[in-house]
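*Asks:* Give the three-dimensional model of this entry:
(one chain, ligands or ions: 3)
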Amino acid sequence: MSLNLQTLCQEVCTLSKQVGGFIKTERKKFHLKSVEVKGKNDFVSYVDKTSEQKIVQQLEILLPEAGFIAEEATSNKKGEVYNWIIDPLDGTTNFIHGVPCFAISIALMRNDEIVLGVVYEINFEECFYAYEGSKAYLNGKEISVSKADRLKDSLLVTGFPYYDYDRLNEYMELFKYFMQHTHGLRRLGSAATDLAYVACGRFEGFYEYSLQPWDVAAGAFIVKQAGGKITDFKGEENYIFGKEIVAGNTNMFPEFLDAVKLFFK
Ligand code: IPD
Ligand code: CA
Ligand code: CA
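*Replies:* Ligands and ions are numbered 1, 2, ... in the order given. Sure, this is the predicted structure:
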């Protein structure tokens with residue numbers, strides 16, 4: 001029997017909202033002493049871990065044959081065809097500081113291709129989603145990328161390098177360039193939300209390096225279904241596992257990517 005991705009997508013949205021409710025409740029009583037350090041500027045708490053357990057448990061029921069690529073490594077099961085790519089809490093640094101931008105990101109990969117993506121931004125209760133063959137949606141309404149066709153008319157979003165400083169000079173030079181040639185840049189602190197905001201046209205473009213598949217898989221798919229374009233810094237397809245991503249509306253994308261290539265040779 002073939003998989004009904006539309007139904008599955010609705011179920012994943014419902015699950016994200018349930019777990020989002022848990023994260024919101026925990027935020028109200030959250031204390032900094034619950035924070036554990038995974039690596040340089042890389043934090044986690046029982047909230048990330050419990051959320052992932054809840055997500056994995058429910059997805060096991062929804063699609064028993066699927067495996068998992070999940071940030072907190074709740075399950076190491078590998079699926080032959082289907083694998084979920086999960087970030088149970090994208091924007092942990094915001095979460096622990098009480099800054100309101102953090103999200104749940106869940107994608108489904110069939111062989112090497114993403115076929116479903118859900119990004120649920122918890123504070124504004126915004127559920128962004130798409131599945132293979134669908135448009136992209138925000139809380140049930142169709143969304144699309146913006147139509148701006150020049151960099152000079154664009155608002156961009158990025159993530160600042162916080163542990164991998166090897167390419168910091170290139171990053172800063174590109175940052176200066178965009179400062180002078182766009183409406184400006186933002187740093188929300190949740191890559192999944194950055195991508196979702198590109199999908200609905202709030203931002204024209206997003207770029208970052210050193211991201212993990214669970215940061216980008218769902219959001220990048222939603223951008224694509226919303227009519228946008230995504231590549232790595234070379235303009236190639238390796239943006240989910242390749243740790244470099246440029247995503248934008250289709251009209252301004254060539255100029256955007258050219259600027260990235262100018263500094264990241
Ligand atoms: C982080 C966020 C952030 C990005 C970092 C990610 P986390 O994810 O997406 O925007 O700049 O590189 O690690 O750790 O909060 O799940
Ligand atoms: Ca993340
Ligand atoms: Ca996370």
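
*Asks:* distance of the nearest residue to Tyr163 once chain neighbours are set aside from ligand 1?
*Replies:* Leaving aside its chain neighbours, Tyr163 sits nearest to Lys40 (4.4 Å; criterion: CB to CB, 6 or more residues apart in numbering). Heads up, the C-betas are built off the backbone N, CA and C, glycines and all. Separation of Lys40 from ligand 1 (CB to the nearest ligand atom, to the nearest Å): 11 Å.

*Asks:* correct me, but Lys40 touches Tyr162?
*Replies:* Yes - look at Lys40 against Tyr162 with CB atoms under 8 Å: they come within range, at 7.5 Å.

*Asks:* to the chain's geometric centre, what's the distance from the host helix or strand of Val115?
*Replies:* Assigned by DSSP states H and E, Val115 belongs to strand 113-121. Distance of strand 113-121 from its chain centroid, counting by CA atoms, centre = their mean, to the nearest Å, is 8 Å.

*Asks:* average pLDDT across that strand?
*Replies:* For strand 113-121, the mean per-residue pLDDT is 98.

*Asks:* Of all the residues in it, which ones are buried?
*Replies:* With burial defined by 16 or more other CB atoms under 10 Å, the residues of strand 113-121 counted as buried are 114-121.

*Asks:* Over to stretch 22-41?
*Replies:* 23, 26-27, 30, 35.

*Asks:* and the end-to-end length of it?
*Replies:* Length of stretch 22-41, first residue to last, CA to CA, to the nearest Å: 24 Å.

*Asks:* the helices in the stretch 51-200 of the chain, which residues?
*Replies:* Here the stretch 51-200 of the chain has its helices, by DSSP state H, counting those that start in this stretch, at 92-97, 168-181, 191-199.

*Asks:* Those helices: which one's closest to Thr50?
*Replies:* Closest approach to Thr50 among the helices of the stretch 51-200 of the chain (CB to CB): helix 92-97, 12.9 Å.

*Asks:* Would you enumerate the residues in contact with the residue of the stretch 51-200 of the chain found nearest ligand 1?
*Replies:* In the stretch 51-200 of the chain, the residue that lies nearest ligand 1 is Gly159 (2.8 Å; CB to the nearest ligand atom). Applying CB atoms under 8 Å, 6 or more residues apart in numbering to Gly159 gives the contacts 187, 189, 191, 194, 208, 211.

*Asks:* Leu15 and Glu52 touch, don't they?
*Replies:* No - the pair Leu15 and Glu52 does not pass the contact test of CB under 8 Å, sitting 12.0 Å apart.

*Asks:* So which of those two has more stuff around it?
*Replies:* Just comparing Leu15 and Glu52: by other CB atoms under 10 Å the higher neighbour count belongs to Glu52, 25 against 21.

*Asks:* Assess the claim that Val81 and Arg110 are in contact.
*Replies:* Yes - Val81 is in contact with Arg110 according to CB under 8 Å; the separation is 6.0 Å.

*Asks:* more crowded one of the two?
*Replies:* Looking at Val81 and Arg110 with other CB under 10 Å, you find the greater number of neighbours at Arg110, namely 16 against 11.

*Asks:* residues touching the closest residue to ligand 2 within the stretch 51-200 of the chain, list them.
*Replies:* Residue of the stretch 51-200 of the chain nearest ligand 2, by CB to the ion: Asp90 (3.8 Å). Asp90 makes contact with 102-105, 190-193, 214-215 under the criterion CB under 8 Å, 6+ apart.

*Asks:* One more: Lys78?
*Replies:* Gly67.

*Asks:* Enumerate the residues of the stretch 101-250 of the chain near ligand 1.
*Replies:* Contact residues (CB under 6 Å from any ligand atom) of the stretch 101-250 of the chain with ligand 1: 159, 189-191, 208, 211, 215.

*Asks:* so which strand or helix has the closest residue to ligand 3 within the stretch 101-250 of the chain?
*Replies:* Nearest residue of the stretch 101-250 of the chain to ligand 3, counting by CB to the ion: Trp214, 6.9 Å away. Per DSSP H and E: Trp214 is located in helix 213-225.
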